[in-house]
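1. predicted model and sequence below, questions to follow.
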Amino acid sequence: MSTNVVAHMPGTIAEILVNVGDQVQADDELIILEAMKMENPICATAAGTVKEIKVKEKDKVDANQLLIVLE
């Protein structure tokens, strides 16, 4: 079963902290999203393996945009 990790707000991808194939636990930080001059961590909602990363650093994203797929 896949788990989608989405942006909680619009912003810019400041840093991607994981790679495809990485094992993550629930609440691990995956991405740093810069919004309103603040860095906001985007965390895993469940444990799993990073299957896909749908964004690159410096990408601008919208609220609820798919960022990472966990498997």
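-> Arrived safely. In this text the structure is predicted, and so the values were computed from the model without any measurement.
2. pairing partners for the host helix or strand of residue 52, with directions?
-> Using DSSP states H and E, residue 52 sits in strand 48-53. Paired strands of strand 48-53, with direction, are strand 23-24 (antiparallel), strand 66-70 (antiparallel) (DSSP bridges).
3. please identify the deepest-packed of the ones you listed.
-> Ranked by mean neighbour count, the strands paired with strand 48-53 are led by strand 66-70 with a mean of 19 (mean count of other CB atoms under 10 Å). Glycine gets a C-beta too; all of them are placed from N, C-alpha and C.
4. just the CA trace of that one, in CSV.
-> C-alpha atoms of strand 66-70 as CSV (Å, rounded to 0.1, in the frame of the first residue of the first chain):
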residue,chain,number,x,y,z
LEU,A,66,2.1,15.4,-4.1
LEU,A,67,5.7,15.5,-2.9
ILE,A,68,6.8,12.0,-2.1
VAL,A,69,5.3,8.5,-2.4
LEU,A,70,6.1,6.0,0.3
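5. pLDDT averaged over it - what is it?
-> Averaging pLDDT along strand 66-70 gives 98.
6. can you tell me what sits against it?
-> The contact list for strand 66-70, computed with CB atoms under 8 Å, 6 or more residues apart in numbering, reads 2-7, 13, 18, 24, 30-31, 42, 44, 46, 48-55, 61.
7. returning to that earlier point: list the buried residues of the strand holding residue 52.
-> 48, 50, 53 (16 or more other CB atoms under 10 Å).
8. how close does the second one get to residue 10?
-> Going back to what we said before, that points to residue 50. For residue 50, the distance to residue 10 equals 23 Å [CB to CB, to the nearest Å].
9. ok, residue 21 touching residue 50?
-> Yes - if you go by CB atoms under 8 Å, residue 21 and residue 50 touch, sitting 6.4 Å apart.
10. what bridges to the residue positioned nearest the centre of the chain?
-> With distances taken as CA atoms, centre = their mean, the residue of the chain nearest its centroid is residue 31 (4.3 Å). Residue 31 has the following beta-bridge partners by DSSP bridges: residue 16, residue 42.
11. good, wrapping up.
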